[in-house]
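**Student:** Return atomic coordinates for the entry below.
(one chain, ligands or ions: 1)
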Amino acid sequence: MSGLEVRGVTARYGDNVVLRDVDLDVAPGTTTAILGPSGCGKTTLLRVVAGFHRPDDGRVAFDGRPVVAPGAWTPPEKRGIGYLAQEGNLFPHLSVGENIAFGLPGGMRRSPGRVEELLELVGLPADFRERRPDQLSGGQQQRVALARSLAPEPKVMLLDEPFSALDAALRSSTRRAVADALAAQDVTVLLVTHDQGEALSFADQLAIMRSGNIVQVGPPREVYEHPVDRDTASFLGDLVVVPGVADGRVVRSPLGTLPQVDPKPHGPVQVAVRPEQLALTPVTDDQASGAGRIPAVVRSTEYFGHDVLVELELPADPSGRVTATVLARVPGDGSPGPGDQVEVSVRGDARLFPAASGEEPERA
Ligand SMILES: Nc1ncnc2c1ncn2[C@@H]1O[C@H](COP(=O)(O)OP(=O)(O)OP(=O)(O)O)[C@@H](O)[C@H]1O
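**Tutor:** Residues are numbered from 1 along each chain as shown. Reported below is the predicted structural model:
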């Protein structure tokens, strides 16, 4: 049984169909991130689950109990959900304690000590109870808003871009505090985001959405390493793509001859790897070229501290023509500089996608 089950949900605004036959299962007590470009329907899906938008078709069930189905409709306030949006929307005239107590059935008097418990759950000291929201940082405000939404002990928690208003440093510490609090409550979580790193690090399951459809669902690592198509692959992070020719056993490309993993197409393909899959070895005059390594020249570098993006030209063809320009991501210390000769090798598996129409494959 799923903590949250979405089946065949179709939804529209007027004539504009924004969800098309969406299916999604979230196991009880786990977190699923929905990731997709702006306007693909993420928030609408959250609104359907919450009961703020009625779908045209399909069903939604919590712990096997339908809340939307043909002939069944549970209003939002009876669904047992918590909702945390981008701005926590705390009541500015109430103290932190009063804000949290607002979410408690019967208020603070009925549940003595519960406000302090919830503050501790979200990693804030008990004396924050007396503060006003404007005496808190953005991240602390989001934690209080989370404590307020967790107060009624929801079964399902919906998070709509809850960290996007925070700066980078606050975002990662708030994200960790929120993840810990949610894990301790054993709540089923649906997170909407268009931050790839957030989706990959926060969730147990990742659902990629495009134009109202879920195109891939799986553990974050699997989706990152085995994306179903090129759009999904590039949406999740930098991608190096070169043309290649596959024979069912190996694929030949400017990145060398690489073993084929499933699927095993024949003929022209696009060969895709992540920049961090490209390993660089410096070339010295007295050194013979290593097996499986492709000579390349560094065109430029971009320094990010923890790593460096190295732009490389692969002059593999005998005429000296540049066959491809690719990016490698290497550790920040001791990376090569512009004009350096290096050798490139591919670590791990390359993904193969159908050749772009009209593109002539180049043979390495
Ligand atoms: N209340 C509304 N009335 C009419 N159209 C709407 C309404 N809300 C959203 N839409 C449209 O529905 C589509 C999906 O919107 P939705 O907000 O679900 O996308 P999203 O993936 O959450 O986008 P974003 O990441 O930008 O928040 C968009 O084309 C949007 O313009």
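**Student:** Next, count neighbours for whatever residue of the stretch 51-200 of the chain ends up closest to the ligand.
**Tutor:** In the stretch 51-200 of the chain, the residue that lies nearest the ligand is His194 (5.1 Å; C-beta to the nearest ligand atom). Using the backbone N, CA and C atoms, a C-beta is placed for each residue, glycine as well. His194 is flanked by 17 other residues according to other C-beta atoms under 10 Å.
**Student:** how far away is it from Gln260?
**Tutor:** 33 Å (C-beta to C-beta, to the nearest Å).
**Student:** close enough to count as contact, Ser253 and Gly244?
**Tutor:** Yes - applying C-beta atoms under 8 Å, one finds Ser253 in contact with Gly244, separated by 3.3 Å.
**Student:** and Gln205, bridged to which residues?
**Tutor:** In this entry, Gln205 is beta-bridged to Thr32, by DSSP bridges.
**Student:** separation between it and Gly332?
**Tutor:** From Gln205 over to Gly332 the distance is 32 Å, taken as C-beta to C-beta.
**Student:** Neighbour count: these two, which is higher?
**Tutor:** Comparing Gln205 with Gly332 by other C-beta under 10 Å, the one with more neighbours is Gln205, at 21 against 11.
**Student:** longest helix anywhere in the protein?
**Tutor:** Identified as the longest helix of the chain according to DSSP state H is helix 168-185.
**Student:** pLDDT averaged over that helix, what's the number?
**Tutor:** Across helix 168-185, the average pLDDT comes to 83.
**Student:** On the C-terminal side of it, identify the next helix or strand.
**Tutor:** Once the chain leaves helix 168-185, the next helix or strand it forms, by DSSP states H and E, is strand 188-193.
**Student:** which outside residues touch that next one?
**Tutor:** Strand 188-193 is contacted from outside by 3-4, 26-35, 42-43, 45-46, 49, 62, 155-164, 182, 198-199, 202-203, using C-beta atoms under 8 Å, 6 or more residues apart in numbering.
**Student:** Name only those of those residues that count as buried.
**Tutor:** 3-4, 26, 30-35, 42-43, 45-46, 49, 62, 155-163, 182, 198-199, 202-203 (16 or more other C-beta atoms under 10 Å).
**Student:** What residues does the stretch 1-150 of the chain have near the ligand?
**Tutor:** Applying C-beta under 6 Å from any ligand atom, one finds that the stretch 1-150 of the chain approaches the ligand through 13, 16, 18, 36, 38-44.
**Student:** Now, of the residues you listed, which are buried?
**Tutor:** 18, 36, 40-44.
**Student:** Shouldn't Val115 be within a helix?
**Tutor:** Yes - looking at Val115 with DSSP: H, G, I helix; E, B strand; the rest coil, it is inside a helix.
**Student:** Residue numbering should commence at 23 henceforth.
**Tutor:** OK, 23 is where the count begins now, so the last one is Val137.
**Student:** Go ahead and confirm it touches Ala123.
**Tutor:** Yes - counting by C-beta under 8 Å, Ala123 is a contact partner of Val137 at 5.7 Å.
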